[in-house]
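Enquirer: output the structure for:
(3 chains)
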Amino acid sequence: MRIGVVADKEGGGRLREIGPDRSSDGGLWRVGDLAGAVADYENHGGTAPRWVWAATDEVYPRLVERSPRVSRCHDIALVESLLLGYDGRFGEARSLGAAWARLHGRDVPPDPVTRAADGADPHPALFEPDRSTLPAGVDRLTALLEVHADQQRRIARLPDPGRFALLAAVESAGALAAVEMSHDGVPWRADVHDAVLAEHLGPRPSHGMRPPVLAGLAERISDAFGRPVNPDSPAQLLKAFAALGHRLTSTRSWVLKEVDHPVVPLLLRYKELSRLHSAHGWGWLESWVRGGRFRPDYVVGGVVSGRWATRGGGALQIPKAIRRAVVADPDWTLIAADAGQVEPRILAAVSGDDALAAAAGSDDLYARLAGSFGGDRQRAKIGLLAAMYGQTGGDAAPLLHTLRRLYPRALHHVDAAAREGEEGRLVRSWLGRTCPPPSGMWRRVTAGGDGAEDDAAARRARERGRFTRNFVIQATAAEWALVFMAAVRRGLAGLDTGRGVPRLVFFQHDELVLHVPRQIADSAVEMLRAAAEETRALMFGSTPVRFPLDIAVVECYGDA
DNA sequence: CAGACTAGCCAC
DNA sequence: AAACGTGGCTAGTCTG
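Expert: So this is what the prediction gives:
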């Protein structure tokens, strides 16, 4: 059963059961305590409803504090975005108000701008404006049900409604998980983080100063150049190197490594530590960690490929060194589940290449391919990644030749996606997420074709080809991860909560981290494996391709 | 002087 | 090894 929900500003709301057609919709009722009403439904036994609401990130944060977790939802804005994208209208306004306006042939309002997160203590003065974009006088719940019915019709008309419905469901489930993870937070030991920083950088300096180790390195760098140089300034570094007779194209680490001069190791060390200090130093710790938790603000579907982004806090780029600060609570444990080699496995599954699929039936796909590359697993890996990323230079060319001979259907799959991209067409993931159309500028540039403009046109076309080549793989890998996360979310609800409620606390592209009472770690691991198996069946039916999980049960994420 | 842009490195 | 896809984030630098 589906229930449409509209929240009011006082914690209440209106609900309406949604029937198979408009005339069978149930009665409308008003509740003073929306969280309580939702909880009643979720606890009632039997199948929980699918809540239909305008946007999970507007409605759910206020529910999640009080009610038990919601099982399922349909997020109008996220589904609208997927449907628009399918029609080549990527990026058009997707709010309930925008969808309603399109449905009624009215002027489409732009989406409200989302405020950037600014740390662990959101600014109370900026608290929640009214984000509805419906015209005055239009009933919100009526509009919600109309747009929902329209979305259901649009999905039903697609060539493969079942797949797209799965995409809509897991995108929405992801939105639930994102709100829950932001609420629960990643267990974060500020004292351990501080110790890691002190170990690398020395004691914390007073505000605005370089930490002792960085200050010392900066001084030695200037001495080595024989002049004052700010190592944070690429321009100054290039000049200083030029004065020594080294004309560098950039100051990237791998360029510096080619230079034979005593200043280079100092600079490389400085860059590494400076990055640690500026991106994840004491300033970050104060802004983002409160009460022993790091609470990232996830942006579901924030990346064209369907991967998530985060707003502030850099949650998807936590450096390996800092992961030592992620430590389970006493008597609890972290379980990190990493799906290994997802992208080549996805390629094997979606291309229908039997030979590659057979190799993807093993735990180490690259090792299985190594025999064709003189026994060199690393070369097999580079070759396969090159095929999916569109790399042509470097060592890739002969490896690609070998792959094209051994796995023609797999290579044809990505080559075809690249060609369609170069021609300005759309490509789609397995479940139907669709890449953005080329920009008007792209069309103008590539439509040209006289003399000097040919180079630019060909380059832009090849760039888009690399993008679409990768899109069909990366976007399908992202939805594999979403289906998996949704299955894990369901699985968590079935675990014993007698010693505390196990939680999903972190998600990063192809990796999930759970925080669970230690006594139920074994059953959680078992649940994860079952969820991965369920995901394979839901996505690909019967396929020899396997998606093995690398599971680490650890106290500290740094040990995973 | 605020905002836009660039260079560079982090993650997958 | 370093022209290979998706991003976020910071300090330095440019611009109006």
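
Enquirer: ok, and the closest non-adjacent residue to residue A:389?
Expert: Residue nearest to residue A:389 in three dimensions, not counting chain neighbours: residue A:470, with 5.8 Å by Cβ to Cβ, 6 or more residues apart in numbering. The way it works is simple: take the backbone N, C-alpha and C, and place the C-beta from them, glycine included.

Enquirer: tell me who's in contact with the one you found.
Expert: A:305, A:388-390 (Cβ atoms under 8 Å, 6 or more residues apart in numbering).

Enquirer: mind putting these in CSV, pLDDT and neighbour count included?
Expert: Shown next, in CSV, are the contacts of residue A:470 (pLDDT from 0 to 100; neighbours: other Cβ atoms under 10 Å):
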residue, pLDDT, neighbour count
A:305, 93, 20
A:388, 91, 22
A:389, 88, 16
A:390, 89, 20
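
Enquirer: what about the residues you listed, which are in helices?
Expert: A:388-389 (DSSP state H).

Enquirer: restrict the contacts of residue A:470 to contacts with DNA strand C.
Expert: A:305, A:389-390 (Cβ under 7 Å from any atom of the strand).

Enquirer: which residues does residue A:517 bridge with?
Expert: residue A:332 (DSSP bridges).

Enquirer: surely it and residue A:499 touch.
Expert: Yes: the pair residue A:517 / residue A:499 is scored as a contact, 4.0 Å apart, by Cβ atoms under 8 Å.

Enquirer: with neighbour numbers in mind, choose between the two.
Expert: residue A:517 (20 against 13; other Cβ atoms under 10 Å).

Enquirer: returning to what we had before: tell me the one of the contacts of residue A:470 nearest residue A:545?
Expert: Closest approach between the contacts of residue A:470 and residue A:545, by Cβ to Cβ: residue A:388, at 15.1 Å.

Enquirer: excluding chain neighbours, what is closest to the closest one?
Expert: Nearest one to residue A:388, counting by Cβ to Cβ, 6+ apart, is residue A:473 at 5.1 Å.

Enquirer: now do the contacts for that neighbour.
Expert: Applying Cβ under 8 Å, 6+ apart, the residues contacting residue A:473 are A:343, A:346-347, A:350, A:388, A:414.

Enquirer: quick one on the thing from earlier: name the element the residue nearest to residue A:389 belongs to?
Expert: helix A:453-493 (DSSP states H and E).

Enquirer: now that helix: how far from the chain's centre is it?
Expert: 11 Å (Cα atoms, centre = their mean, to the nearest Å).

Enquirer: any idea which helix or strand comes after it?
Expert: Next element after helix A:453-493 (DSSP H and E): strand A:503-507.

Enquirer: sheet-wise, list the partners of that next one with their directions.
Expert: Strand A:503-507 is paired, per DSSP bridges, with strand A:511-517 (antiparallel).

Enquirer: between residue A:517 and residue A:499, which contacts overlap?
Expert: residue A:331.

Enquirer: okay, residue A:449: pLDDT?
Expert: pLDDT recorded at residue A:449 is 58.

Enquirer: what does the one 4 residues further on give?
Expert: Per-residue confidence for residue A:453 comes out at a pLDDT of 63.

Enquirer: before we move on, what about the one 4 residues further on?
Expert: In this model, residue A:457 is scored at 85, pLDDT.

Enquirer: may I ask you to confirm that it is in contact with residue A:442?
Expert: No: using Cβ under 8 Å, residue A:457 is not in contact with residue A:442, being 9.6 Å away.

Enquirer: and the least confident helix or strand in chain A by mean pLDDT, anywhere near DNA strand C?
Expert: When the helices and strands of chain A are scored by mean pLDDT, DSSP states H and E, helix A:440-447 comes last with a mean of 86. No: judged by Cβ under 7 Å from any atom of the strand, helix A:440-447 stays clear of DNA strand C, getting no closer than 12.1 Å.

Enquirer: pull out the buried residues from that helix.
Expert: By 16 or more other Cβ atoms under 10 Å, the buried positions in helix A:440-447 come out as A:442, A:445-446.

Enquirer: from the residues you listed, pick the one nearest DNA strand C.
Expert: residue A:442 (12.1 Å; Cβ to the nearest atom of the strand).

Enquirer: nearest residue to that closest one in space, please, no chain neighbours.
Expert: Using Cβ to Cβ, 6+ apart, the closest residue to residue A:442 is residue A:460 (5.9 Å).

Enquirer: quick one: the residue of chain A positioned farthest from its centre from DNA strand C, how far?
Expert: Distance from the centre of chain A peaks at residue A:226, with 45.9 Å (Cα atoms, centre = their mean). Using Cβ to the nearest atom of the strand, to the nearest Å, residue A:226 is found at 19 Å from DNA strand C.

Enquirer: got the angle between the host helix or strand of residue A:343 and helix A:453-493?
Expert: Secondary structure assignment for residue A:343, by DSSP H and E: helix A:342-351. Here helix A:342-351 points in a direction 100 degrees away from that of helix A:453-493 (axes from the mean of the first three to the mean of the last three Cα atoms, to 10 degrees).
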